[in-house]
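Student: Next one to model:
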Amino acid sequence: MYGQTYRNLDAVIWSQVGQGHGPLMLALTCWLAWQRWPELAKLDSPGNVGAGIGLLAVGLSLFVIGHSQSILMLDAGSQIFVLAGILLIYKGVPALKLMWLPLLFIVFVIPLPGFVVDTLTGPMKMGVSYVAEQILYLAGYPVGRSGVMLNIGQYKLLVADACAGLNSLFALEAIGVFYLSIM
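Tutor: Predicted structure coming up:
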């Protein structure tokens, strides 16, 4: 079901500079689940069908909306609810407790929405443009600034998005969580 989702993530998101950590996070998620698989198979607890179907319905709804509207965040994020629902249906709450880390680790596979990145990097861009303006002014250049646009004589420079700093932080956080889980 999620084959097309991962193809879209690979073609649209993971091929961008600063988003290459997605496949690694997916591999780590699979490894975390594989490590817990023998314990999951040994569980002999009754399933919680009602709660499982509820979570499965939420996940499938998010999948349908995300897939039909090309919203990769919903499309990819729906698998957390789908997998949690399946675990609840077949093995109940003990299975969910056992597999909580791999389920939550999927969050690191999901791309950050653009508005979140813009909201967090906007102040950084403003700060960089201000500092660059001051340095260029002290160096004797005729410089003016309008937001994140620097005017130096007849040239215009735009302070671009932070160089994948937020995405790098997101990936480093994921690796830190992974390290803590295996230690």
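
Student: how about the helices of the chain, start to end?
Tutor: Taking DSSP state H, the helices of the chain run over residues 3-8, 22-42, 49-68, 72-91, 93-98, 100-105, 114-138, 165-182.

Student: so which of those helices is the most packed in?
Tutor: Among the helices of the chain, ranked by average contacts under mean count of other Cβ atoms under 10 Å, first place goes to helix 72-91 (a mean of 21). Where you see a C-beta, it was placed from the backbone N, CA and C, and this is true even at glycine.

Student: who does that helix touch, helix- and strand-wise?
Tutor: Contacts of helix 72-91 with other secondary structure elements, assessed using 3 or more Cβ pairs under 8 Å, 6 or more residues apart in numbering; DSSP states H and E, are made with helix 3-8, helix 49-68, helix 93-98, helix 100-105.

Student: Just the C-alphas of that helix, formatted as PDB.
Tutor: C-alpha atoms of helix 72-91 as PDB (Å, rounded to 0.1, in the frame of the first residue of the first chain):
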ATOM      1  CA  LEU A  72       3.200  13.500   1.400                       C
ATOM      2  CA  MET A  73       3.100  14.400   5.100                       C
ATOM      3  CA  LEU A  74      -0.300  12.900   5.600                       C
ATOM      4  CA  ASP A  75       0.400  10.000   3.200                       C
ATOM      5  CA  ALA A  76       3.600   9.000   5.000                       C
ATOM      6  CA  GLY A  77       2.300   9.800   8.500                       C
ATOM      7  CA  SER A  78      -0.800   7.700   8.100                       C
ATOM      8  CA  GLN A  79       1.400   4.500   8.400                       C
ATOM      9  CA  ILE A  80       1.900   5.200  12.100                       C
ATOM     10  CA  PHE A  81      -1.800   4.900  12.700                       C
ATOM     11  CA  VAL A  82      -2.200   2.000  10.300                       C
ATOM     12  CA  LEU A  83       0.600  -0.100  11.900                       C
ATOM     13  CA  ALA A  84      -0.600   0.800  15.400                       C
ATOM     14  CA  GLY A  85      -4.100  -0.300  14.500                       C
ATOM     15  CA  ILE A  86      -2.900  -3.600  13.100                       C
ATOM     16  CA  LEU A  87      -0.800  -4.200  16.200                       C
ATOM     17  CA  LEU A  88      -3.800  -3.500  18.400                       C
ATOM     18  CA  ILE A  89      -6.100  -5.800  16.400                       C
ATOM     19  CA  TYR A  90      -3.800  -8.800  16.500                       C
ATOM     20  CA  LYS A  91      -1.700  -8.500  19.700                       C
END
